[in-house]
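**Student:** Could you look at this predicted model? Sequence included:
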Amino acid sequence: MKNRGDDPGEMGDNLPYVDLGKDRTAISVRASYFHSCAILDDLSLKCWGSGSGGANGQGEAQNRGDGPGEMGDMLPPIDLGMGRHAIKVAPGANYNCAILDNHGVKCWGIGGTQSALGYEDMNARGDGPGEMGDALPFVDLGSP
């Protein structure tokens, strides 16, 4: 892994683009200390960096983007459920929350002692198979 921008000649034209996939561009990018997420022009969501606690939403706790062949088309979009897509995403240290197109909120990654995911428990979500998509519940924010 290499830091970028901390040595002369690493910025501007010398700074490589983040490969988000063939013919894909980001319409929104958010970053935390350990990972980053982008909503793409096809309304898919991709996250890379530290996968601690499932923060990358891939059903595992693996880091993404720190080795060859992990970005671009090889980085799968996050499954937020049948027909759902994110309109906003907010990465935390080891978790993410997204507002979806139906205005529901889903969060994944490390819940921890502060229950950062909002599911009234300390469980991680998205770090094991079958925990994303329709299996990931909406956060109960109460009645409007």
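**Tutor:** That came in fine, so what should we check first? Being a predicted model, the structure only gives us computed values, none of them experimental.
**Student:** if I look at the residue nearest the centre of the chain, how far off is residue 121?
**Tutor:** In the chain, the C-alpha nearest the mean C-alpha coordinate belongs to residue 47, at 3.3 Å (CA atoms, centre = their mean). Computed with CB to CB, to the nearest Å, the distance linking residue 47 and residue 121 is 22 Å. Any C-beta I mention is one placed from the backbone N, CA and C, and that applies to glycine too.
**Student:** Over to residue 71?
**Tutor:** The spacing between residue 71 and residue 121, counted by CB to CB, is 32 Å.
**Student:** The two: which has the busier surroundings?
**Tutor:** Higher neighbour count among residue 71 and residue 121: residue 71, with 17 against 10, using other CB atoms under 10 Å.
**Student:** Low-confidence regions, the protein specifically.
**Tutor:** 1, 113 (pLDDT under 70).
**Student:** can you pull out the strands in it?
**Tutor:** 26-31, 35-40, 45-49, 86-91, 95-100, 105-109 (DSSP state E).
**Student:** would you list the ones you listed in a markdown table and tack on distance to residue 6?
**Tutor:** As requested, those are exported to a markdown table (distance: least, CB to CB, whole Å):
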| stretch | distance to residue 6 |
| --- | --- |
| strand 26-31 | 16 |
| strand 35-40 | 18 |
| strand 45-49 | 17 |
| strand 86-91 | 22 |
| strand 95-100 | 26 |
| strand 105-109 | 27 |
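**Student:** Select, out of these, the one closest to residue 61.
**Tutor:** Residue 61 lies closest to strand 105-109 among the strands of the chain, at 9.4 Å (CB to CB).
**Student:** Tell me the helices and strands packed up against that closest one.
**Tutor:** Packing partners of strand 105-109 (3 or more CB pairs under 8 Å, 6 or more residues apart in numbering; DSSP states H and E): strand 95-100.
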